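Student: below: sequence and its predicted model.
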Amino acid sequence: MHEKTLEINFYRDKSGIYIVKLSGKMDIFTFKLGKDFLSDISEDLEGINVVVDLREMKYIASSGWSILISRSKTISRAKGKFVLFGMSPEIYRIYKSMKLKGLVTSFMSEQEALDYCKEVKSDD
């Protein structure tokens, strides 16, 4: 039996940006948990900004990438931002090889991701 290996924690910072920390694996067995959670926190989409911390992710399957791409597109259409940061070299290699850069914005550090969201937010 497959053990669920995705852990999700989040908080909202003082500027209103959601910081979502994903840990473990997002695969065929755990992607629904990720999908449901990201749908719940972005229910009121207008202008929402979500920064996803991937520093503790071990693996993201195509089903997981699909969720991240879908949330990014949905939030972008609602004039918000959905960005990733902290990918391991292995996960970044997959991100790059799948040519996801144009679909989901990413940064190396949390500060870069937050600055990007704040910059975009101030332009509205």
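Tutor: Okay, I see it. Numbering: from 1, shown residues only.
Student: and Ser66, how far is that from Tyr18?
Tutor: 20 Å (CB to CB, to the nearest Å). In this view, the C-beta of every residue, glycine as well, is placed from N, C-alpha and C.
Student: whoops, Arg12 was the one
Tutor: Taking CB to CB, one finds Arg12 at 5 Å from Tyr18.
Student: packing partners of the longest strand along the chain?
Tutor: If you go by DSSP state E, the chain has its longest strand at strand 49-60. Where contact means 3 or more CB pairs under 8 Å, 6 or more residues apart in numbering; DSSP states H and E, strand 49-60 is packed against strand 18-26, helix 62-77, strand 81-85, helix 89-97, helix 110-123.
Student: got the contact list for it?
Tutor: 5, 16-27, 38, 41-42, 68, 71, 75, 80-88, 91, 94, 110, 113-114, 117, 120-121 (CB atoms under 8 Å, 6 or more residues apart in numbering).
Student: which of the helices and strands packed on strand 49-60 comes out lowest on mean pLDDT?
Tutor: Among those, helix 110-123 has the lowest mean pLDDT, at a mean of 80.
Student: with just CA atoms, put that one into CSV.
Tutor: The C-alpha coordinates for helix 110-123 follow below in CSV (Å, rounded to 0.1, in the frame of the first residue of the first chain):
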residue,chain,number,x,y,z
GLU,A,110,11.6,33.0,-1.3
GLN,A,111,12.6,36.7,-1.2
GLU,A,112,12.7,36.9,-5.0
ALA,A,113,9.3,35.3,-5.2
LEU,A,114,7.8,37.6,-2.6
ASP,A,115,9.4,40.7,-4.2
TYR,A,116,7.9,39.6,-7.6
CYS,A,117,4.4,39.3,-6.1
LYS,A,118,4.7,42.6,-4.3
GLU,A,119,6.0,44.4,-7.4
VAL,A,120,3.1,43.1,-9.5
LYS,A,121,0.6,43.8,-6.8
SER,A,122,1.7,47.5,-6.6
ASP,A,123,1.2,47.9,-10.4
